[in-house]
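>>> Need coordinates for the following:
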Amino acid sequence: MSQGNPDIRQQVEANRGGLKKLQLLIPGLRGYRSKEDIRVSDEMLRNQVADRLDRAKGNLEQLRKQVAGADDLNNLTSVGSLISQVQRLSGEVRHAAQGYAGWVAPIQVNEDKLNKLYEYDYSAVSTVFQFEESTTPERVGYDAGSPNDLKATLEKLSKTVSDIRGTWAMRMETIEGVALK
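Alright, predicted model coming up:
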């Protein structure tokens with residue numbers, strides 16, 4: 001994990017209350033408590049990533065207002081499509097599977113797999129942060145005199161969203177070892 005971004009798992013462990021600490025002492029609950037803490041950490045991480053995507057969407061909505069004000073219908077369609085893609089990705093990240101498995105599940109999700117899931121999700125953080133940064137008004141400005149410049153930028157941003165979605169879609173399959181290669 002990088003120095004700039006903390007490992008949320010450590011924070012969740014540090015903030016365990018008395019009941020949770022007691023559960024760690026009971027053999028039947030120890031594994032459950034450890035796995036549940038990793039799931040909570042992963043959910044917190046995914047929510048932060050989704051929040052960043054939502055901020056990127058907000059940046060793009062500001063851009064859409066500028067494009068609409070200039071009556072640039074070609075770029076308006078592209079910006080609207082990109083906003084939709086970002087909104088969909090945000091929902092997928094926020095509501096992604098957390099690695100739960102039933103008692104007789106065909107694929108067992110143990111603590112190692114949950115840690116891999118967290119690390120997989122953590123690896124997406126920097127990509128999403130860079131994406132958000134690339135949507136700021138300073139980076140994506142609209143110049144009505146050269147609308148083709150915006151078109152190239154929107155295509156690049158759309159490709160980035162598509163790449164993130166593709167990687168995200170493979171997360172559980174990769175962790176569970178069932179992805180086709």
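
>>> So residue 112 versus residue 118, what's the distance?
Counting by CB to CB, to the nearest Å, the gap from residue 112 to residue 118 is 11 Å. (Each C-beta comes from the backbone N, C-alpha and C, glycine too.)

>>> more crowded one of the two?
residue 118 (24 against 9; other CB atoms under 10 Å).

>>> before we move on, which element is the more buried one in?
Following DSSP states H and E, one finds residue 118 within helix 111-134.

>>> for that helix, which positions count as buried?
By 16 or more other CB atoms under 10 Å, the buried positions in helix 111-134 come out as 113-118, 120-122, 124-125, 128-129, 131-132.

>>> Point to the helix or strand of the protein where mean pLDDT is at its lowest.
Among the helical and strand segments of the chain, the one scoring lowest on mean pLDDT, DSSP states H and E is helix 18-25, with a mean of 50.

>>> Now stretch 124-141 - C-alpha only, CSV.
What follows is stretch 124-141, C-alpha atoms only, in CSV (Å, rounded to 0.1, in the frame of the first residue of the first chain):
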residue,chain,number,x,y,z
ALA,A,124,-8.1,0.7,-8.7
VAL,A,125,-7.8,3.7,-6.4
SER,A,126,-5.0,5.4,-8.2
THR,A,127,-6.6,4.9,-11.6
VAL,A,128,-9.9,6.4,-10.4
PHE,A,129,-8.1,9.3,-8.6
GLN,A,130,-6.2,10.1,-11.9
PHE,A,131,-9.5,9.9,-13.8
GLU,A,132,-11.2,12.3,-11.4
GLU,A,133,-8.2,14.7,-11.7
SER,A,134,-8.4,14.5,-15.5
THR,A,135,-12.1,15.7,-15.5
THR,A,136,-11.5,18.9,-13.5
PRO,A,137,-12.3,22.2,-15.2
GLU,A,138,-8.6,23.0,-15.4
ARG,A,139,-8.0,19.9,-17.4
VAL,A,140,-11.1,19.7,-19.5
GLY,A,141,-12.1,23.2,-20.6
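
>>> State the next helix or strand along the chain beyond the longest helix anywhere in the chain.
In the chain, assigned by DSSP state H, the helix with the most residues is helix 27-69. Next along the chain after helix 27-69, taking DSSP H and E as the criterion, comes helix 73-94.
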